[in-house]
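[1] sharing a model that was predicted from the sequence below.
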Amino acid sequence: MRPIIAATTRLSGMSCLRCDAVWPVCEYEAGCPRCAAGGHAANLRLTYAAGGSGIALPYPGALSLGEGGTQLIELPGLAAELGLGRLSAKLEWCNPTGSHKDRMSAQLLARALERGVETVVAASSGNGGLSIAAYARRAGLAAEIAVTDALPQSYRKAIASHGATLKSFSDSMGRWTYLSQRVGEGAFAATNYRVPAIGTNPFGIEGYKTLAAELAEPDPPDLVVVPCSRGDLLSGMRLGFEELGNGLPVLVAAEPFPRLARVLAGADYRETFEGQTVQASIAGSTVTWQAVEALRASAGRAVPVCDEAARAAQRRLAACGLHAELSAASALAALADLARQRNLAERHAVLVLTGSGMRNPGETDLAAAPGNKDAAQAVRTRSAQTDSLPSRTDPSVQQRENG
C-alpha cells in the first residue's frame, strides 16, 4: 500500500537530532553546527509546518523508478518457531535496483537537482552505489562512486552500466577522503563521508519514512528489526513512525559485532569499534548519533549477530522461499536472539530484508576479500578468462564502510 504523502510546501526548517537546535534549510556537511562546535557529530532532521496527514516528504514528486510499495510476506511457521504472535518480512529487494537504498536515492537526487549541481558522489559497498548511479542517470546527473578494491565485478559492471565513474581505493577511509575533496570542489554528497560519522544528507533519510508508513497501515507492528551500520534506515523509520503519530514500535538494530550495543552500554558513540565480518553491507567501525537516538527513542536495542548466526538465519529464510543477503538475514538472527530472552507471544515483528541473497559478494567472490591482493588479482584474471567465479574460501575481514 502506498503511504499518504503530504505536500512539500510544509517544509519549514531543520533541527538537530541531538540538541534540538533549529536551523534554516541548507546543506550542513558537518552536521549540526552547534554540536560540531562542541566536538560532537549529529545529523539533522527536516521539520514541517503543522497540518496535513500522513508523512511529509521534501520532494513528493521526485523523479522515480517505482521505488516503495514492496511486498510484506507473512511467515507463520517461523513465528511459531520463535514463539511470536505474528512475523512478517518486508521485501526491500523488490525495489528497482534491488535494495532499500532506492527510497533514499529518489529524495537525494531531487535535492541535487534543486541545488543545480552537476555531479553526485557516493561511497559504497555496493547497494547504495548502484542505487545512486541509477537514479543519477535517470536525473541526467554525473555520478562518481567511490569503492574499495574489494568490490566484486558484478557490482562494478552494474554501476558502470549507468554511466557512473568508479573510483577505487585500497581501504574504506580512502573513499571518504576522496568524497571530502570532491564536495569541496562542488559535488553533492549522497552518502556519509565524515569522521566521526554523521549519516547521509537528511533529505535522503526522509525517503525512508515511506517504509514506516507502509508498515503502519493498516496494522502497525510491535517490533521492527533493521540491519544497521550508519543508521540511515533506522533513523528514517523512526522519524516516519513519529510523524504518523500512532506510536513508535520497538526498533531493533542487527549489527555484525558490538558497536551500538557498546554505546547503549555506556561507550562514546564517537569511538572506533573494530570487528571482523563478511556481512559486507553492514560492516564498518563507526556508528552515528542518529542510530543511537532512534534506539533510545523507541526503547529499542542493538543485537550483535556473528557471521555463523547470520548464515543460519539465511538458510532458515531460504527454507521459507526467501533468499536474503547475508546482511539482511542478520535481522532474523537478531530477532531469534531477542525471542530467547523475552516472551514475544503476543507481539507482531517485522524483518526488514534490505537486499537479495544474489548480492553476497563476501560469500561468493574471493576477489571481495581485502588483505589478499595477489589472490584477488588471480581470481579477477581467471574470471576474465572463464566468466565464472570460484567459491570463497578466505574468511578475511570485510570492513567496508557502507554509506
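    In hand now; what should we look at?
[2] how much space separates M104 from L244?
    The span separating M104 from L244 equals 19 Å under the rule C-beta to C-beta, to the nearest Å. Quick note: C-beta positions are derived from backbone N, CA and C, even for glycine.
[3] what about these two, which has more around it?
    Applying other C-beta atoms under 10 Å to M104 and L244 shows that M104 carries more neighbours, namely 30 against 21.
[4] spit out the contact partners of that one.
    Applying C-beta atoms under 8 Å, 6 or more residues apart in numbering, one finds that M104 lies in contact with 131, 200, 204-205, 207-208, 232, 236.
[5] using the three-state scheme, assign G68.
    Counting by DSSP: H, G, I helix; E, B strand; the rest coil, the backbone at G68 sits in coil.
[6] now do the contacts for the residue nearest the centre of the chain.
    Ranked by distance to the mean C-alpha position of the chain (C-alpha atoms, centre = their mean), the top residue is L233 at 5.0 Å. Taking C-beta under 8 Å, 6+ apart as the criterion, L233 is in contact with 100, 208, 211, 226-227, 352, 354.
[7] same thing but 7 Å
    100, 208, 226 (C-beta atoms under 7 Å, 6 or more residues apart in numbering).
[8] same check, this time on V25
    The contact partners of V25, taken as C-beta under 7 Å, 6+ apart, are 11, 13-14.
[9] repeat that for I145.
    Applying C-beta under 7 Å, 6+ apart, the residues contacting I145 are 122, 124, 129, 132-133, 159, 164, 166.
[10] what's the lowest-pLDDT member of those residues?
    Lowest in pLDDT among these is S124, which has 88.
[11] straight-line length of stretch 22-42, end to end?
    This stretch, stretch 22-42, spans 13 Å end to end (C-alpha to C-alpha, to the nearest Å).
[12] what about the contacts of V25, which are in helices?
    Applying DSSP state H to the contacts of V25, no entry is found in helices.
[13] neighbours of D20, how many?
    The criterion is other C-beta under 10 Å. On that basis, D20 has 10 neighbouring residues.
[14] spatially, what comes nearest to G231 if we skip its sequence neighbours?
    For G231, the nearest residue in space outside its immediate sequence neighbours is A291; the separation is 2.6 Å by C-beta to C-beta, 6 or more residues apart in numbering.
[15] ok, that neighbour - contacts?
    Contacts for A291 were tallied using C-beta under 7 Å, 6+ apart; they are 228, 230-231, 234-235, 253, 260.
[16] packing partners for the helix or strand harbouring V224?
    Following DSSP states H and E, one finds V224 within strand 223-227. Under the contact criterion of 3 or more C-beta pairs under 7 Å, 6 or more residues apart in numbering; DSSP states H and E, strand 223-227 touches helix 232-244, strand 250-255, helix 326-341, strand 348-353.
[17] give me the low-pLDDT residue ranges for this protein?
    Judged by pLDDT under 70, the chain has its weakly predicted residues at 1-8, 360-403.
[18] what are the ranges of the strands in the stretch 251-400 of the chain?
    With DSSP state E, counting those that start in this stretch, the ranges of strands along the stretch 251-400 of the chain come out as 301-304, 348-353.
[19] for the shortest one, what is the distance to the chain centroid?
    Spelled out, that is strand 301-304. The chain centroid and the centroid of strand 301-304 are separated by 16 Å, computed with C-alpha atoms, centre = their mean, to the nearest Å.
[20] that strand: partners in the sheet, and parallel or antiparallel?
    Partner strands and pairing direction for strand 301-304 (DSSP bridges) are strand 250-255 (parallel).
[21] pick the most deeply packed of the strands of the stretch 251-400 of the chain.
    Sort these by mean neighbour count, taking mean count of other C-beta atoms under 10 Å, and strand 348-353 sits at the top with a mean of 26.
[22] how far away from the center of its chain is that one?
    Using C-alpha atoms, centre = their mean, we find the averaged C-alpha position of strand 348-353 to lie 15 Å away from the chain's own average C-alpha position.
[23] which other helices and strands does that strand contact?
    Taking 3+ C-beta pairs under 7 Å, 6+ apart as the contact cut, strand 348-353 packs with strand 86-91, strand 223-227, helix 326-341.
[24] so which of those is the most packed in?
    Compared across those, strand 223-227 shows the largest average neighbour count, a mean of 29 (mean count of other C-beta under 10 Å).
[25] report the inter-axis angle for that strand versus strand 86-91.
    On the basis of axes from the mean of the first three to the mean of the last three C-alpha atoms, to 10 degrees, strand 223-227 is oriented at 40 degrees to strand 86-91.
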